[in-house]
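Below: sequence and its predicted model.
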There are 2 protein chains.
Amino acid sequence: MTAPSLTGANLIAGEDWTGGDRTSFAAVNPRTGEPAGPLFWEASDDDVRAAAAAAETAWESTRSMVHTEHAGLLEQIAAELERAGDEIVARADQETAIGSNRLAGELTRTIGQLLMHAAWVRTGEHLEATIDLPDSALNPPRPDLRRLLVPLGPVAVFGASNFPLAFGVAGGDTASALAAGCPVIAKAHPAHPATCELVGRAIARAITQADLPPGTFSLLQGKESRVGGSLVRDPALSAVGFTGSLAGGRALYDLAAARTRPIPVYAEMGSINPVVISDKAIAERGNQVASALANSLLLGTGQFCTSPGLLFVPTGPAGDAFVDQVATELASAEPGYLLTTDALRGLTARLATTRRHPDVKVLHEGPQTAGPGLRHPIIMLTVPAAALAHDSDLLEEHFGPASLVVRYADHNELASALRRIQGSLTFTMHVSNEEAPAFADIAETMVARVGRLVWNGYPTGVAVTAAMQHGGPYPATTSSLHTSVGTTAVRRFQRPVAFQDAPQDVLPLALKDGNPLAIARRINGHITST
Amino acid sequence: MTAPSLTGANLIAGEDWTGGDRTSFAAVNPRTGEPAGPLFWEASDDDVRAAAAAAETAWESTRSMVHTEHAGLLEQIAAELERAGDEIVARADQETAIGSNRLAGELTRTIGQLLMHAAWVRTGEHLEATIDLPDSALNPPRPDLRRLLVPLGPVAVFGASNFPLAFGVAGGDTASALAAGCPVIAKAHPAHPATCELVGRAIARAITQADLPPGTFSLLQGKESRVGGSLVRDPALSAVGFTGSLAGGRALYDLAAARTRPIPVYAEMGSINPVVISDKAIAERGNQVASALANSLLLGTGQFCTSPGLLFVPTGPAGDAFVDQVATELASAEPGYLLTTDALRGLTARLATTRRHPDVKVLHEGPQTAGPGLRHPIIMLTVPAAALAHDSDLLEEHFGPASLVVRYADHNELASALRRIQGSLTFTMHVSNEEAPAFADIAETMVARVGRLVWNGYPTGVAVTAAMQHGGPYPATTSSLHTSVGTTAVRRFQRPVAFQDAPQDVLPLALKDGNPLAIARRINGHITST
């Protein structure tokens, strides 16, 4: 199965590192449960150190480059991904069983995201250039002060299992770190190492073509948590981007916080994504919502970070009929594949706990899946809203094709159940237009608990745009101050520096008199491009 | 000494909490080493819980207020501080021995800072309102997405010993947290509890006048680290602002990181603030720089966070003469008071270590101070730059009237010594105009290590303005992404929330069609006020 372009190597500053005392591992094909491709060399601690040292050296030059060079690299990576697209999609499908159509769409999204960051960086607005001209009339006199955002330093990126491309080696975290001017060391996901290698090679080619230092990017392979741990502990690292489980994200957060020099960890983790539907919305368009919701639930076999995990449905006959229809839609669906054996094991264990709860009933459970591969029956459970008051276990995510329907008797019961929700990426409401104001208190409650509120839609779509917020209070993320999707994701990897009374010829171009880069700057409080 | 307006109480949501099983403590007058005022009641764990619960309740309403109400509170606090100014300054002088003149100036700065944040909040720009209008031509179609920054939640503020007002109970951290719309629980500094009480009462009066929930502000007294620890661990807290020692800031950071829900800690801590002078600058204006530098060194008895702790002077006769002149200036100065017995003990211990270093020599040491009070002789030490290569102890701060002169033989030796510097708030260069480009490599090295670079000036002045950066890489702060001084300090206490396809009548005013608040917003990528 080894394509000639795959070596199973760690890619460190443009070079293949293989063999020696490294151990090796293979990915699993979710469709068969068998090895999905060649062997990959587990990165040694020396490999980690070499990648970190190369990143540190690269950073010495990339950090003072003008931002258009950072944009140019993103554009080059987009072009390389486009060229290698067919091979990447085919390999990703082997390793993830996500399906070529969705993966092709995800590749388009990944390329679009790189180009969006490039376009944003080209405006120079991400530098937040600010100039306060001197004022000797003040007491004390104000000096000449000029401030901009500079790259934070080398960034470790841990991609997700569920979006091998858009949240992978060239995904949002890598795109935004490179956009900021930071070198990246990506830890390949052990569930799709070949996909990571192909994407990593595309990035390495782009770096060569852009004539940037090779240490600007490295890729480390590994199934052991040791590899990621060594990377996060390395003194050269300045930040971490992560998408994955709560346990994984928290472990990296704890390691980073325990460093001599602590560094920020932007981990996007578990999310329950509650959805509420009202009686009036059921009356108006229950059929349509039930069908679209079932579809949203099953996207990626229920393994989207924004998968609607908790459905609040009113008690009574209309609610019963709505729930029945969702169950019918689910019954007609074919179960997809779980991404990893860990995901299958985790879902099985979580469901066992939930099912033991005395108030939980099964509404629908698909047939046991026959044959090989990582599959789990589609399942829908239900519980009365009152049960949430004394059991926070019910508020935890089921990662996979499982959903919990919560039945609420009235607005107060709904509101009080929602106040029990922990931090989440999204919250969705299906309400009729005239009801929206009556649900304003609930929206207000949830503003404090989630990153994005959706009206009359489905949380699974995440537009890549300036106004997107993909994040939320813990445990949705470890840092609710930022987003991992959209232009402002770049801000995670920048820090401010001020120049006081600096001579013109040593100032960064973005801060020089005359605005040679022609970017928008805040001068004495007002934004201007002159 | 107890003035009628002081009760020694914990101020919890507008009420005095005293007595019971609380223990008490008194501040120390640095001029005498004797108690400086009345007894204060150490906050109990119940007090901490009560303040946190009140803050949580207050937040339920303050977080959805329109931002102009947050601005109004800041203006009201400024007015109350103005009214209570004479009493505050007199009391602060008793507790800190900083001197009434400097304290009056600091009060003006504190009031100005509150008003600056109010003015910034009134623009609404701090909300970063962003609207991406729907686009059904895209694939997938883009929904209507609107994003703004919302208050993070209740904030704990730990003020500094060295700026009892500007970095105190109504200082930059409180001002920026309230500006963001977050309730504040201030931990009073045990070195100036009466000052904290007076300032806290002024804030409480302002809250009453602004008709905001009383839990918007509480003040907790305490000498034991238990009080701050309980506060930072309380589940209701969402962020921490701190100014003080590395040990104190790191302890709070570690507590916050170990919480079930970790929260950000913005700790501004130790800083060495290196200053370089070149041979040419000495030739041009050595006398003037020596005199101004000695003055900068002694500001606040060397206890400014931006105090120039490490002076790089060229070897050779011109450098010798320059150093002699600084020493002469220091010899003619009267030593001021240390702020606390801990500061005096800490400086004595640090100096003992530094003086044991075989390469360190004493250039100037003032006479032993006679009489009572917390004083330490002014001292200037010297070491060759080469010694820094193998002893990082020499790069640690001496908090107080002590400075270390580092002699460098040439540009390379200077550059390599500077690469050993840890994160610092500032870096200062005195160079002649024609030399500036030759020092560009050094400036570039230091951009990666500090928050502010100063040319031909002194780091001790920190202008309160949009372009200020008061922060820097660890150990200067625990979060180099932000500043604690200047308008953007507000951003530390905000997080983004997106509204997708929200009906107009439930949208926050800042995001409604027609821009009812008339604020600058980014619509489809372009900033507009319409």
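Yep, that arrived.

domain assignment for chain A?
A:43-269+A:482-490, A:274-455, A:492-528 (automatic domain parsing).

any idea which residue of chain A is furthest from its center?
Distance from the C-alpha centroid of chain A, by Cα atoms, centre = their mean, peaks at A:A137 (49.5 Å).

elements contacting the longest helix anywhere in chain A?
For chain A, the helix that runs over the most residues, judged by DSSP state H, is helix A:100-123. Packing contacts for helix A:100-123, counted by 3 or more Cβ pairs under 8 Å, 6 or more residues apart in numbering or on different chains; DSSP states H and E, involve helix A:67-83, helix A:85-96, helix A:172-180. (Each C-beta comes from the backbone N, C-alpha and C, glycine too.)

From the structure, what's the count of residues near the nearest residue to A:P377 once chain neighbours are set aside?
Leaving aside its chain neighbours, A:P377 sits nearest to A:G366 (3.8 Å; criterion: Cβ to Cβ, 6 or more residues apart in numbering or on different chains). Residue crowding around A:G366 was assessed by other Cβ atoms under 10 Å in any protein chain shown; the count is 18.

hang on, isn't A:G366 packed against A:P335?
Yes - under the criterion of Cβ atoms under 8 Å, A:G366 makes contact with A:P335 at 5.9 Å.

Assign the residue farthest from the centre of chain A to helix, strand or coil.
coil (DSSP: H, G, I helix; E, B strand; the rest coil).

Equivalent analysis for the one 10 residues further on, please.
Reducing the assignment at A:R147 to three states with three-state DSSP gives strand.

for the one 3 residues further on, same thing?
Look at A:V150: counting by three-state DSSP, its state is strand.

unless I'm mixing things up, it is touching A:A498, no?
No - under the criterion of Cβ under 8 Å, A:V150 is not in contact with A:A498, lying 10.6 Å apart.

So these two - more neighbours on which side?
Between A:V150 and A:A498, counting by other Cβ under 10 Å, A:A498 is the more crowded of the two (29 against 21).

Could you give the bridge partners of the more buried one?
Listed by DSSP bridges, the beta-bridge partners for A:A498 are A:R147, B:R452.

if I read this right, it contacts B:R452, doesn't it?
Yes - when contacts are counted by Cβ under 8 Å, A:A498 is listed as touching B:R452 (4.3 Å).

which residues do the two both contact?
Residues touching both A:A498 and B:R452 by Cβ atoms under 8 Å, 6 or more residues apart in numbering or on different chains: B:468-469.

ok, A:I378 touching A:S332?
No - using Cβ under 8 Å, A:I378 is not in contact with A:S332; the gap is 9.9 Å.

pLDDT weak spots in chain A?
A:1-4 (pLDDT under 70).

near chain B, which residues of the stretch 301-450 of chain A?
Within the stretch 301-450 of chain A, the positions near chain B by Cβ under 8 Å from any Cβ of the partner chain are A:423, A:433, A:436-437, A:439-440, A:443-444, A:447-448, A:450.

Try it again at 10 Å.
Within reach of chain B by Cβ under 10 Å from any Cβ of the partner chain, the stretch 301-450 of chain A has these residues: A:422-423, A:426, A:428-429, A:431, A:433-450.

buried subset of the residues you listed?
Buried subset of these (neighbour count, 16 or more other Cβ atoms under 10 Å in any protein chain shown): A:422-423, A:426, A:428-429, A:431, A:435-436, A:439, A:442-450.

Next step: these restricted to helices.
Using DSSP H, those in helices are A:442-447.

Just the closest of these to A:G72, please.
Among those, A:V447 lies closest to A:G72 (Cβ to Cβ), at 38.8 Å.

Next up, the contacts around the closest one.
Contacts for A:V447 (Cβ atoms under 10 Å, 6 or more residues apart in numbering or on different chains) come out as A:427, A:453, B:63-64, B:150-151, B:497, B:499, B:508.

Greatest separation within those residues: which pair is it?
Using Cβ to Cβ, those span at most 17.9 Å, a distance reached by A:F427 and B:P151.

could you measure the residue farthest from the centre of chain A against chain B, distance?
From A:A137 over to chain B the distance is 13 Å, taken as Cβ to the nearest Cβ, to the nearest Å.

show me what contacts A:R122?
So A:R122 contacts A:67-68, A:70-72, A:74-75, A:519 (Cβ under 10 Å, 6+ apart).

just A:A55 next, same as before
Residues near A:A55 by Cβ under 10 Å, 6+ apart: A:12-13, A:62, A:153-156, A:182-185, A:213, A:215-218, A:234, A:236-238.

same thing with A:P335?
So A:P335 contacts A:298, A:301-302, A:366-369, A:373, A:375-379, A:400-401 (Cβ under 10 Å, 6+ apart).

Filter the residues you listed down to the ones in helices?
Those of these lying in helices (DSSP H): A:L298.

Quick check: A:V157 is in a helix.
No - assignment of A:V157 by three-state DSSP gives strand, placing it outside any helix.

from what I can see it touches A:G244, true?
No - A:V157 is not in contact with A:G244 according to Cβ atoms under 10 Å; the separation is 11.5 Å.

out of the two, which sits in the busier spot?
Taking other Cβ under 10 Å, A:V157 and A:G244 do not tie; A:V157 has more neighbours (29 against 20).

A:G248: helix or strand, and which one exactly?
A:G248 belongs to helix A:246-257 when assigned by DSSP states H and E.

Is it possible to get the domains of chain A out as a markdown table so that each row also shows distance to B:T478?
Below are those laid out as a markdown table (distance: least, Cβ to Cβ, whole Å):
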| stretch | distance to B:T478 |
| --- | --- |
| domain A:43-269+A:482-490 | 6 |
| domain A:274-455 | 22 |
| domain A:492-528 | 13 |
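
Just say which of these is most tucked in.
Greatest average neighbour count among those goes to domain A:43-269+A:482-490 (a mean of 22), per mean count of other Cβ atoms under 10 Å in any protein chain shown.

Next, the contact list for A:L149, please.
Counting by Cβ under 10 Å, 6+ apart, A:L149 has contacts A:67, A:126-130, A:180-181, A:490-491, A:493-497, A:510, B:469, B:481.

which ones among those residues are found in strands?
Among those, the residues falling in strands (DSSP state E) are A:130, A:494-497.

so which of these comes closest to B:L115?
Looking across the ones in strands among the contacts of A:L149 and measuring by Cβ to Cβ, the closest to B:L115 is A:T130, at 19.3 Å.

Can you verify my assumption that that closest one contacts A:L511?
Yes - A:T130 is in contact with A:L511 according to Cβ under 10 Å; the separation is 8.7 Å.

Do a quick rundown of the helices in the stretch 251-400 of chain A.
Counting by DSSP state H, counting those that start in this stretch, the stretch 251-400 of chain A has helices at residues A:279-298, A:317-331, A:341-356.

how close does the residue nearest the centre of chain A get to chain B?
By Cα atoms, centre = their mean, chain A has its centre lying nearest to A:T243, at 4.8 Å. Plainly put, A:T243 is 18 Å away from chain B if you go by Cβ to the nearest Cβ.

Quote the end-to-end distance of stretch A:214-226.
25 Å (Cα to Cα, to the nearest Å).

Could you check how far it is from the centre of its chain?
Relative to its parent chain, stretch A:214-226 has a centroid offset of 18 Å by Cα atoms, centre = their mean, to the nearest Å.

If we only consider the contacts of A:R122, which is nearest to A:G309?
The closest of the contacts of A:R122, once distances to A:G309 are taken by Cβ to Cβ, is A:L74, at 33.5 Å.

Might you report the residue contacts of the closest one?
Contacts for A:L74 (Cβ under 10 Å, 6+ apart) come out as A:113-122, A:170, A:174-176, A:178-179, A:206, A:210.

got the residues of the stretch 51-200 of chain A near chain B?
Within the stretch 51-200 of chain A, the residues that sit near chain B (Cβ under 10 Å from any Cβ) are A:59-61, A:63-64, A:105, A:108-109, A:112, A:119-120, A:123, A:125, A:128-135, A:138-153.

Quick check: which element contains the closest residue to A:R83 other than its chain neighbours?
Using Cβ to Cβ, 6+ apart and skipping residues adjacent in sequence, the residue nearest A:R83 is A:A202, 7.6 Å away. In this structure, A:A202 sits in helix A:193-209 according to DSSP H and E.
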